[in-house]
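K.L.:
Sequence first, then the predicted structure, then my questions.
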Amino acid sequence: MAKIAAIQLKSTGDPAGNLEVAAHYIGQAARAGAQLVVLPEHFVYYNARDMRAVAEGENNSGLARQFFAEQSRKYKVWLVAGTLPLFGDGVAAKDTDKPYATSLLYDDRGDEIATYRKIHLFDVNVQKTGKRYCESDSYQHGTHPVVAQTPCGCIGMSVCYDLRFPELYRQLAAQGAEIIVAPSAFTAATGQAHWQLLLRARAVENLSYVIGANLCNRDHPKKPTWGGSAIIDPWGEVLAEMDDEEGFIIADIDLARVQELRQNMPVLEHRRLP
């Protein structure tokens, strides 16, 4: 058994202020017993115009990376640090036009132990609002699924728009993922229609826990986000959820339930197509 928390935040144009609010809820979640804490996608720099300009350096050298290392170490929690704009290992900003949307996993000593670069970028027209989103203008695509062993179980890493691509989650499950994290900045329009539906679908398909930590602010004048952060069990049950407010949710994760369900319904073994 383990306790996992998802933090929901409203991002402002003040990165230091965004981190201060995150610190408050990380502390609250830790005091509530959380061993793993998941933060939303891109909450630090959501309102920045140029992701290349705010991309952080290597080895915990940026504002946010220093913060995440300090928080995980201070509260003795494992931390999924949403996403940050980061260039590739050993790649200087001058050598590439675009960073990756990168999700980092920190252990309870403040060390970065896994790096996931978002594979699927959100290049869509949202018909309900008429807005055009084009993440590939700011980021380059990642290429590799990432799983990591933690005291809470085997974690599969994903980000936001990835949720619409079930083949990624099949690969994560095939690599042993028992818990899948999805830090997100799901839009208000698409979130209302599909957010929880997709979280539950990915959980049921792979008989995995799914942790969705989303940005909130449905009234944002330019880039409204849905909120609705949720923790889903392997049978698709919603263990905890939020609406459109800042805060955190926490739930118990029982890995024995994952193994029991996978033994009784071995869908991963029954696949007939690659």
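P.N.:
Received it, and whenever you're ready, just let me know what you need.
K.L.:
In the stretch 51-200 of the chain, where is pLDDT below threshold?
P.N.:
Where the stretch 51-200 of the chain drops to pLDDT under 70, the residues are 58-60, 89-96.
K.L.:
show me what contacts the closest residue to residue 136 other than its chain neighbours?
P.N.:
Leaving aside its sequence neighbours, residue 136 sits nearest to residue 121 (C-beta to C-beta, 6 or more residues apart in numbering; 4.7 Å). Heads up, the C-betas are built off the backbone N, CA and C, glycines and all. Shown in contact with residue 121 (C-beta atoms under 8 Å, 6 or more residues apart in numbering): 101, 135, 136, 139, 141, 161.
K.L.:
So among those residues, which ones count as buried?
P.N.:
101, 135, 139, 161 (16 or more other C-beta atoms under 10 Å).
K.L.:
Show me the residues you listed that map onto strands.
P.N.:
residue 101 (DSSP state E).
K.L.:
can you list the buried ones among the contacts of residue 121 in CSV and add distance to residue 171?
P.N.:
Formatted as CSV, the buried ones among the contacts of residue 121 follow (distance: C-beta to C-beta, whole Å):
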residue, distance to residue 171
101, 19
135, 21
139, 21
161, 16
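K.L.:
Tell me the buried residues in the lengthiest helix in the chain?
P.N.:
Counting residues, the longest helix in the chain under DSSP state H turns out to be helix 15-31. Neighbour-count burial for helix 15-31 flags 15, 18, 19, 21, 22, 25, 26, 28, 29, 30 (criterion: 16+ other C-beta under 10 Å).
K.L.:
From residue 71, how far out is the first one?
P.N.:
As judged by C-beta to C-beta, to the nearest Å, residue 15 and residue 71 stand 15 Å apart.
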